[in-house]
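everything below, folded, please.
(one chain, ligands or ions: 4)
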Amino acid sequence: MATINFGGVEENVVTRDEFPLAKAHEVLKDETIAVIGYGVQGPGQALNMRDNGFNVIVGQRKDSASWEKAVSDGWVEGETLFSIEEAADRGTIICNLLSDAGQIALWPTLKERLTAGKTLYFSHGFGITFSDQTNIIPPADVDVILVAPKGSGTSLRRLFLAGGGLNSSFAIFQDATGKAYEKAVAMGIGVGSGYLFQTDFKKEVYSDLTGERGVLMGALAGIIEAQYQVLRQRGHSPSEAFNETVEELTQSLVPLVGENGMDWMFSNCSVTAQRGALDWKGRFRDATLPVLNELYDSVASGEEARRTIERGSTPGYRKELEAELKEVRDSELWQTGATVRQLRSKTENVEA
Ligand SMILES: NC(=O)c1ccc[n+]([C@@H]2O[C@H](COP(=O)([O-])OP(=O)(O)OC[C@H]3O[C@@H](n4cnc5c(N)ncnc54)[C@H](O)[C@@H]3O)[C@@H](O)[C@H]2O)c1
Ligand SMILES: CC(C)(O)[C@@H](O)C(=O)O
Ligand SMILES: [Mg+2]
Ligand SMILES: [Mg+2]
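Ligands and ions are numbered 1, 2, ... in the order given. So this is what the prediction gives:
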């Protein structure tokens with residue numbers, strides 16, 4: 001465990017230097033890793049672990065788009081691709097990568113297959129933390145661990161293929177065998193993370209639900225809509241409103257933040273922009289603080305879980321979700337975005 005200083009606060013982090021892939025292979029050499037659910041996280045984790053040389057099988061509902069995707073990704077029915085029930089029977093580490101609502105529906109199926117000494121693995125603390133709502137209460141004689149990649153399963157796979165990786169948090173909820181810790185770390189290394197940040201199930205789910213509802217997704221989408229609306233209502237063209245709200249954000253400025261921090265992005269903009277942004281940042285922080293506190297309270301009270309479960313368990317919910325996304329896609333803002341994306345400049349090939 002390396003002690004790393006984060007802005008003046010020291011934290012313990014597991015690194016690939018002390019826990020290389022070879023050690024992960026040793027820890028998991030007798031395990032059959034059953035990835036249950038092949039939606040977004042399932043493919044990323046299953047394919048990375050397969051490419052990293054682990055014994056992985058997939059369990060997925062047949063006659064579904066996800067089953068077809070698994071087949072096209074090279075999982076073979078009867079060899080490495082099974083029904084959920086059969087994969088859970090065969091697996092010694094059962095990776096519950098069903099949707100959080102799906103995990104509730106399938107819990108009785110998985111629970112009866114969690115025999116003594118097996119491991120139950122999650123990538124979210126949702127099911128365990130909100131067990132009063134999910135009824136997910138594991139048997140006492142299994143290990144219960146978590147590895148949560150810090151990003152989309154799509155990025156997990158893309159970065160792995162590009163020779164990098166996404167880091168993950170990890171946690172132990174139950175250590176029945178005395179080996180839960182090393183199994184969790186080995187799984188984290190297996191999915192391609194170079195650094196693993198220790199947390200607990202509750203902290204993981206509270207921070208994750210706040211992050212995705214807040215800055216990462218909800219607040220981002222909301223503030224973009226608000227600024228686009230103001231610019232349009234003040235007479236600006238769609239392309240001008242979109243460029244000043246989204247295109248420059250994603251193509252120019254956020255990559256600079258990712259590269260070297262906020263001050264680096266600021267210092268690569270004009271002093272006029274820096275002055276204005278520094279003057280207005282506090283206003284935006286103060287205006288959003290109460291909303292973010294309300295959001296955290298809603299997560300901590302279990303209300304966000306309640307709503308996720310209620311909506312996610314409604315028959316036909318996926319279609320409703322698709323309709324909501326279509327409304328976003330069809331809006332003037334994002335239709336403008338589709339056109340602007342086609343106009344991204346490419347460097348012309350200069351003939352020798
Ligand atoms: N999406 C991500 O990139 C991401 C990132 C980090 C953590 N997670 C966590 O990983 C887990 C999986 O998330 P996901 O986004 O990959 O899930 P998802 O919504 O893509 O669904 C995964 C699979 O669950 C199956 N499923 C859903 N309901 C079912 C039911 N009732 N019966 C049988 N199968 C059912 C679907 O067919 C699908 O293959 C969740 O706990 C999530 O919070 C996801
Ligand atoms: C990719 C995210 C937003 O980090 C994850 O938390 C999810 O739920 O999909
Ligand atoms: Mg999440
Ligand atoms: Mg997340």
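
enumerate the residues of this structure near ligand 1.
Residues of the chain found near ligand 1 (Cβ under 6 Å from any ligand atom) are 37-42, 60-61, 64, 66, 97-100, 102, 105-106, 123-124, 126, 148-149, 152-153. C-beta here means a position set from N, CA and C on the backbone, and glycine is covered the same way.

these in helices, which ones?
Secondary structure from DSSP state H places 41-42, 66, 100, 102, 105-106, 126, 153 of those in helices.

find the pair from those with maximum spatial separation.
Using Cβ to Cβ, these span at most 20.5 Å, a distance reached by 105 and 153.

close to ligand 3: what parts of the stretch 101-250 of the chain are there?
Neighbours of ligand 3 within the stretch 101-250 of the chain, by Cβ under 5 Å from the ion: 208, 212.

at 8 Å instead, please
Contact residues, the stretch 101-250 of the chain versus ligand 3 (Cβ under 8 Å from the ion): 124, 208-209, 211-212.

from the residues of the chain next to ligand 1, list the buried ones, please.
Among the residues of the chain next to ligand 1, those classed as buried by 16 or more other Cβ atoms under 10 Å are 37-42, 60, 66, 97-100, 102, 106, 123-124, 126, 148-149, 153.

hang on, the earlier thing: please report which of the residues of the stretch 101-250 of the chain next to ligand 3 has the highest neighbour count.
Of all these, the highest neighbour tally under other Cβ atoms under 10 Å goes to residue 209, namely 23 neighbours.

close enough to count as contact, that residue and residue 299?
Yes. Using Cβ atoms under 8 Å, residue 209 is in contact with residue 299, at 4.6 Å.

what residues are shared contacts of the two?
residue 305 (Cβ atoms under 8 Å, 6 or more residues apart in numbering).

so what are the domain limits for this structure?
According to automatic domain parsing, the chain comprises the domains 2-200, 214-342.

possible to save these as TSV with mean pLDDT?
Formatted as TSV, the domains of the chain follow (pLDDT from 0 to 100):
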stretch	mean pLDDT
domain 2-200	97
domain 214-342	97
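
most tightly packed of the ones you listed?
domain 2-200 (a mean of 18; mean count of other Cβ atoms under 10 Å).

contact residues of this protein facing ligand 2?
151-152, 208, 212, 216.

pull the most distant pair out of those.
Across these, the longest distance by Cβ to Cβ is 12.5 Å; it joins 152 and 208.

residue 83 contacts residue 58, doesn't it?
No. The criterion here is Cβ under 8 Å, and residue 83 misses it with residue 58 at 10.4 Å.

whatever residue of the stretch 101-250 of the chain ends up closest to ligand 3: which element?
Residue of the stretch 101-250 of the chain nearest ligand 3, by Cβ to the ion: residue 208 (4.4 Å). Secondary structure from DSSP states H and E places residue 208 in helix 201-213.

what's the mean pLDDT across that helix?
Summarised as a single mean, pLDDT over helix 201-213 is 98.

for the residue nearest to residue 238 when sequence neighbours are not counted, helix, strand, or coil?
The spatially closest residue to residue 238, leaving aside those adjacent along the chain, is residue 336, at 4.2 Å (Cβ to Cβ, 6 or more residues apart in numbering). With DSSP: H, G, I helix; E, B strand; the rest coil as the basis, the three-state label of residue 336 is helix.

for the nearest residue to residue 253 once chain neighbours are set aside, give its distance to ligand 2.
Among residues not flanking residue 253 along the chain, residue 265 sits closest, at 5.4 Å (Cβ to Cβ, 6+ apart). For residue 265, the distance to ligand 2 equals 22 Å [Cβ to the nearest ligand atom, to the nearest Å].

equivalent analysis for residue 186, please.
Remark: distance between residue 186 and ligand 2 (Cβ to the nearest ligand atom) = 22 Å.

I'd say that residue and residue 19 touch.
Yes. Between residue 186 and residue 19 there is a contact under Cβ under 8 Å: 7.5 Å.

in a markdown table, list the domains of the chain along with distance to residue 348.
A markdown table is the format used below for the domains of the chain (distance: least, Cβ to Cβ, whole Å):
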| stretch | distance to residue 348 |
| --- | --- |
| domain 2-200 | 26 |
| domain 214-342 | 17 |
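
after the lengthiest helix in the chain, heading C-terminal, what element do we hit next?
For the chain, the longest helix by residue count, based on DSSP H, is helix 271-300. Counting by DSSP H and E, the next helix or strand C-terminal to helix 271-300 is helix 303-312.

how near is the residue of the stretch 251-352 of the chain found nearest ligand 2 to residue 205?
At 10.1 Å from ligand 2, residue 308 is the closest residue in the stretch 251-352 of the chain, using Cβ to the nearest ligand atom. Going from residue 308 to residue 205 by Cβ to Cβ, to the nearest Å gives 11 Å.
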